[in-house]
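> Sequence and predicted structure are below.
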Amino acid sequence: AFSPKIYQLPGGSIHLFSTARIFLRPCHLPGCTVIPTAEGGKRLDPTDTTRRPGEHPRARRERKDPTRKKHTTRKTKHTMAANGTGGTAPQYSYAPPPAELPYYAGLFALADKSSSGQISGPAAVEFLSLSRLPVDLLKTIWAMADVPRTNTLDAGKFNVAVRLIQLFQNGKKPVDLQLNLGEGDACGRAPFFEGLSVQHVMSVGSGGGGAGA
């Protein structure tokens, strides 16, 4: 079937129809342009914003607003810092004082059941949950300790996690990335983990005890 077209000529327009015996060719006269037509040869109004048969909604929107910009969706990877803001997470560190070294070493030995020197996520969750801190807070502590992110805790990252637990348990806030407190501010009691006595943990850290409490 031949779709009739309206050809715009300088000074006016001419409507060309097709018949069974006449075959029309495109107009090549100077200044001649094709005017859009719908099925049946009905001339279309360029300002008409109604949806045309078979027209995609996007094409109608672009026809309605020619200045409309095409938007593309880009996936942006966000790295959330421990304080809830975007950007690179700060890297904390903590060096236990000599008197506390056996305690931290004992806690790490008890948490590192595979003795691999790396505590996996599930093992860390199981052990750190003994602190009885809320789950959301433990997630925050994990994010603050696991920098750069490896989804595991080595001894250094583990010390950060334990120190943060101690600070949260005592309601204290560090003043620097080394998790120190202000001058004259005492932290209070040692990090508490349910079922583990300080004496037993110190014994394990000193190499004189086993994994049991």
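Arrived safely, thanks for sending. This one's a predicted model, so the numbers in the text were calculated from it and none came from an experiment. Residues are numbered from 1 along each chain as shown.
> Could you report the pLDDT at residue 185?
Note for residue 185: predicted pLDDT of 78.
> Rounded mean pLDDT for the longest helix out of those in the chain, please.
Longest among the helix segments of the chain by residue count, using DSSP state H, is helix 155-169. Across helix 155-169, the average pLDDT comes to 95.
> can you check stretch 111-123 too?
Averaged over stretch 111-123, pLDDT sits at 92.
> how long is that stretch from one end to the other?
Taking CA to CA, to the nearest Å, the first and last residues of stretch 111-123 lie 7 Å apart.
> what's the spatially closest residue to residue 162 that is not a sequence neighbour in contact with, if anything?
Once flanking residues are discounted, residue 162 sits nearest to residue 191: 5.2 Å by CB to CB, 6 or more residues apart in numbering. C-beta: built from backbone N, CA, C; applies to glycine. Counting by CB atoms under 8 Å, 6 or more residues apart in numbering, residue 191 touches 103, 107, 131, 162, 163, 165, 166, 169.
> So what's the residue count around the last one?
Taking other CB atoms under 10 Å as the criterion, the count of residues near residue 169 is 17.
> what sits against residue 92?
Taking CB under 8 Å, 6+ apart as the criterion, residue 92 is in contact with 144, 145, 147, 160, 164, 177, 178, 179.
> Mind doing that once more with 7 Å?
Counting by CB atoms under 7 Å, 6 or more residues apart in numbering, residue 92 touches 144, 145, 160, 177, 179.
> Could you report the neighbour count for residue 173?
10.
> State the three-state secondary structure for it.
coil (DSSP: H, G, I helix; E, B strand; the rest coil).
> Can you list the helices and strands that the longest helix of the chain packs against?
If you count contacts as 3 or more CB pairs under 7 Å, 6 or more residues apart in numbering; DSSP states H and E, helix 155-169 packs onto helix 101-111, helix 135-145.
> among the ones you listed, which is the most enclosed?
Mean neighbour count (mean count of other CB atoms under 10 Å) peaks for helix 101-111 among the helices and strands packed on helix 155-169, with a mean of 21.
> can you give me the angle that helix makes with helix 155-169?
Relative orientation of helix 101-111 versus helix 155-169 (axes from the mean of the first three to the mean of the last three CA atoms, to 10 degrees): 100 degrees.
> counting contacts, what elements does helix 101-111 pack onto?
Looks like helix 101-111 contacts helix 121-128, helix 155-169, helix 198-205 (3+ CB pairs under 7 Å, 6+ apart).
> For residue 93, which of those is the nearest?
With CB to CB, the closest approach to residue 93 among these belongs to helix 155-169: 6.5 Å.
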